[in-house]
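# This is the structure alone, sequence omitted:
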């Protein structure tokens, strides 16, 4: 039966123009989405490149100034910006801590349009409250980005619904079902075969599109990077086909099938994700960022009032700095950096609470993501693209750690009253972003395939009852 | 061979088929006459396994339909009142498809041979079904029965809506099948065609088989009289 179904289904779909329309639609949607994704990545890369160039230019100036100082020449700059002062290096010549886009970043914008992808931590900067958010276009925030993940998660199910909602009902409505049902075949198998043919076509299209895009992309053409994207997409497509299969056997007329499938799309793609998101925020509310910044300011104000006392305490805790600290050498920065340390310590509980709640929220979504395949796929694509919340959280932590490294590298110069020299330049710490590995894609693909198989099995149970029911005569 | 033993179907309080007993042998053409709602189509739906009987049993070539739904369908062909085929496929393709999914793989010559035997003009073999008249589609239905080598043919008002020439051609095709030993059950309103082609005629009313005749033993006038009497209609005065 399969050979005949395959040949004639394909012929029928080609003759009524469905295949051509579907192929064009998929190509148009995906290529537009990939173009958008690439543009975003290119923008991100050029932003990071510009920041690096800015640092290079600034370093050239710094080295010239250091050279002048070391030669005993006069430097025409404000005294507090001359780089022989370690805090001038720390504040006016910071390094770029950038989150370079991964090779698959174009797949999913994820959180990349909400968070910044490079910062320049300074020695006296508030790295505790580093501003990781950017002002973005509110319309874009409302509708999301038109990237491949959007096409896969939101639009592909709609295309599958349009392609499958009436596989059985159209046979009843056109009158061919009676003739089909009089043949020695299982209707459930027959419907499944029709679905498989359509599934096959969509999978062929998707694999062709992904191969072309990966080839054009050029940065990573390996099958190893293509396979996880294809796998998770195929799992999601399989889920929607299985759902359409069960609706075809379970519901009835074409109109009812379409409404049922659109209802399921709303449920899985919009309602469950937004409900989980809402519940996550309600159960684990994030502490107010404004409150945190206010606390930071208050702590700073308090610290400023008693900077001399703080500095004494700080030097007691850090005797290595006190050795070379003649009282006359104490400057603003000696007091300021010591007070910053105190502020940081005082604010630790607030920051921990903030991070804890963020972790709770993520854990909550992660545990319940199995309720909606859309969430599973979104999380996996974001993880593969390196644009997930987890990736940005990791980046934020790496930046905070780097800011501390930067500070700790320059503090000995400050407290030892040692001038920064051009020889010290090459030892300045450099930030290198370590991306997270996505290790759950295979598991998620497998889970999606298992759910789909379960649904197909359920469809067969109904299918057995279907063949000897009035459904063949009336819906 | 078609056999039914006290076959009944009840929907709620309504009995649509009441203890039907039929025995249609190979080479018989049994016409079931009756008004709309008499139970003719229900009988065919039960024989096709589309619905389950409330009581009683039915057999195709000795195989119980309820226990062997797939096996019995291998032996039977079915032509509904309005045979719908795939409009985007040609007659040959439709025949190939329906035969193929039933497990009967045929080559092009065989397919064209069956369509020719069913009386379809050669020029229509490769035309899309969307251009076919009802009579032409019914011929493809006959070709399907021929291709399947069905020993039982179920027809549900196949000649309704056909012009007299097409109806006559269809009748001749059925007689050819009957002569090949096919057991045929045809539900129809067409008394004239029934008298012309049937070997046996039954009149149904309210789900019951009221009268049965051997076609050769009754004239068309007597058949009409019996039919109208069964239906409790007043005969028209000519």
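Structure's in. What do you need? Everything numeric here is computed off the predicted structure, so don't read it as measured data. Numbering: from 1, shown residues only, chains lettered A, B, ... in the order given.
# can you pull the pLDDT of the residue lying closest to residue B:100 once chain neighbours are set aside?
Distances taken as C-beta to C-beta, 6 or more residues apart in numbering or on different chains place residue A:4 nearest to residue B:100, at 3.3 Å, with adjacent residues excluded. Every residue, glycine included, has its C-beta placed from N, CA and C. Note for residue A:4: predicted pLDDT of 89.
# Counting neighbours, what do you get for the closest residue to residue A:107 other than its chain neighbours?
What sits nearest to residue A:107 in space, not counting adjacent residues and going by C-beta to C-beta, 6+ apart, is residue A:385, at 4.5 Å. Here the number of neighbours of residue A:385 (other C-beta atoms under 10 Å in any protein chain shown) works out to 28.
# Would you mind confirming that residue A:385 makes contact with residue A:111?
No: the criterion here is C-beta atoms under 8 Å, and residue A:385 misses it with residue A:111 at 9.9 Å.
# which parts of the one helix or strand the residue nearest to residue B:100 maps to are buried?
In this assignment (DSSP states H and E), residue A:4 forms part of helix A:2-15. For helix A:2-15, burial by neighbour count (16 or more other C-beta atoms under 10 Å in any protein chain shown) applies to A:4-5, A:8-9, A:11-13.
# do the same with stretch B:195-215
Within stretch B:195-215, the residues that count as buried by 16+ other C-beta under 10 Å are B:195-205, B:207-211, B:213, B:215.
# ok, now stretch B:117-129?
Within stretch B:117-129, the residues that count as buried by 16+ other C-beta under 10 Å are B:117-120, B:124-125, B:128-129.
# From residue B:189, how far off is whichever residue of the stretch 51-200 of chain A sits closest to chain B?
In the stretch 51-200 of chain A, no residue comes nearer to chain B than residue A:175, which is 3.2 Å away by C-beta to the nearest C-beta. Distance check for residue A:175 against residue B:189: by C-beta to C-beta, to the nearest Å, it reads 20 Å.
# coming back round to it: can you name the two of the buried residues of stretch B:117-129 that sit furthest apart?
B:117 and B:128 (21.4 Å; C-beta to C-beta).
# Now do the residue nearest to residue A:107 against chain B, distance only.
Distance of residue A:385 to chain B, given as C-beta to the nearest C-beta, to the nearest Å: 42 Å.
# which residues touch that residue?
The neighbours of residue A:385, taking C-beta atoms under 8 Å, 6 or more residues apart in numbering or on different chains as the test, are A:102, A:104-110, A:149.
# same deal with residue B:101?
A:1, A:4-5, A:180, A:183, A:185, A:190.
# ok, and the most crowded of those residues?
The residue in those with the most neighbours, by other C-beta under 10 Å, is residue A:183 (25 neighbours).
# Quick check: that residue is in a helix.
No: Residue A:183: not assigned to a helix; according to DSSP: H, G, I helix; E, B strand; the rest coil it is coil.
# Relative to residue A:2, how far out is it?
14 Å.
# And what about the spatially most central residue of chain B, helix, strand or coil?
Residue closest to the mean C-alpha point of chain B, counted by C-alpha atoms, centre = their mean, is residue B:155 at 1.4 Å. What three-state DSSP gives for residue B:155 is strand.
# Kindly report the same for residue A:84.
coil.
# Please name the residues that touch it.
Contacts of residue A:84 by C-beta under 8 Å, 6+ apart are A:65-66, A:69, A:419-421.
# Now do the contacts for residue A:452.
Applying C-beta under 8 Å, 6+ apart, the residues near residue A:452 are A:235, A:238-239, A:241-242.
# from those, which would you call buried?
A:235, A:238-239, A:241-242.
# Of these, which is the nearest to residue B:86?
Checking the buried ones among the contacts of residue A:452 against residue B:86 by C-beta to C-beta gives residue A:241 as the nearest, at 22.2 Å.
# Tell me who's in contact with that closest one.
Residues near residue A:241 by C-beta under 8 Å, 6+ apart: A:160, A:164, A:195, A:198-199, A:452.
# hmm, back to that, closest to chain B among the buried ones among the contacts of residue A:452?
Looking across those and measuring by C-beta to the nearest C-beta, the closest to chain B is residue A:241, at 20.7 Å.
# if we can go back for a sec, tell me who's in contact with the residue nearest to residue B:100.
Counting by C-beta under 8 Å, 6+ apart, residue A:4 touches B:96-97, B:100-101.
# Between those residues, which sits nearest chain A?
residue B:100 (3.3 Å).
# element containing that closest one, please.
Going by DSSP H and E, residue B:100 is in helix B:91-101.
# Now that helix: average pLDDT?
94.
# angle of that helix against helix A:2-15?
If you take axes from the mean of the first three to the mean of the last three C-alpha atoms, to 10 degrees, helix B:91-101 sits at 150 degrees to helix A:2-15.
# How far off centre is helix B:91-101?
20 Å (C-alpha atoms, centre = their mean, to the nearest Å).
# So which other helices or strands are in contact with whichever helix or strand comes after that helix?
Remark: after helix B:91-101, the chain's next helix or strand is helix B:108-117, criterion DSSP H and E. Here helix B:108-117 touches helix B:91-101, helix B:134-148, going by 3 or more C-beta pairs under 8 Å, 6 or more residues apart in numbering or on different chains; DSSP states H and E.
# Can you give me the buried ones in helix B:108-117?
Buried, per 16+ other C-beta under 10 Å, within helix B:108-117: B:110-112, B:114-115, B:117.
# quick one on the thing from earlier: now for the helices and strands packed on helix B:108-117, which one comes closest to residue A:294?
That would be helix B:91-101 among those, by C-beta to C-beta, at 73.5 Å.
# Could you figure out how far the closest one is turned away from helix B:134-148?
Here the directions of helix B:91-101 and helix B:134-148 differ by 40 degrees (the same axes, to 10 degrees).
# Tell me what angle helix B:91-101 forms with helix B:108-117.
Going by the same axes, to 10 degrees, helix B:91-101 makes 110 degrees with helix B:108-117.
# dump the residue contacts of the spatially closest residue to residue A:427 that is not a sequence neighbour.
Distances taken as C-beta to C-beta, 6+ apart place residue A:409 nearest to residue A:427, at 7.8 Å, with adjacent residues excluded. Residues in contact with residue A:409 (C-beta under 8 Å, 6+ apart) are A:427-429.
# right, and out of those, which lies closest to chain B?
In terms of C-beta to the nearest C-beta, no member of the contacts of residue A:409 lies closer to chain B than residue A:429, at 69.4 Å.
# model confidence over stretch B:187-200, on average?
Averaging pLDDT along stretch B:187-200 gives 92.
# Return the distance of that stretch from the chain's centre.
11 Å.
# How far does that stretch stretch from one end to the other?
Start to finish, the residues bounding stretch B:187-200 are 12 Å apart (C-alpha to C-alpha, to the nearest Å).
# just stretch A:258-277 next, same as before
27 Å.
# what's in contact with it?
Applying C-beta under 8 Å, 6+ apart, the contact partners of stretch A:258-277 are A:153-154, A:157-158, A:161, A:165-166, A:243-244, A:247, A:251, A:364-365, A:368-369, A:371-375, A:378.
# what does chain B put close to chain A?
The interface of chain B toward chain A, taken as C-beta under 8 Å from any C-beta of the partner chain, is made up of B:45, B:48-52, B:69-71, B:73-74, B:76-78, B:80, B:82-86, B:88-89, B:93, B:96-98, B:100-103, B:141, B:144, B:154.
# which of the residues you listed are buried?
B:45, B:48-51, B:69, B:73-74, B:76-78, B:80, B:83-86, B:88-89, B:93, B:96-98, B:100-102, B:141, B:144, B:154.
# Which strands and helices lie in contact with the helix or strand residue A:347 falls within?
According to DSSP H and E, residue A:347 maps onto helix A:332-368. With contacts taken as 3+ C-beta pairs under 8 Å, 6+ apart, helix A:332-368 sits against helix A:272-283, helix A:289-305, helix A:307-317, helix A:373-385, helix A:389-415.
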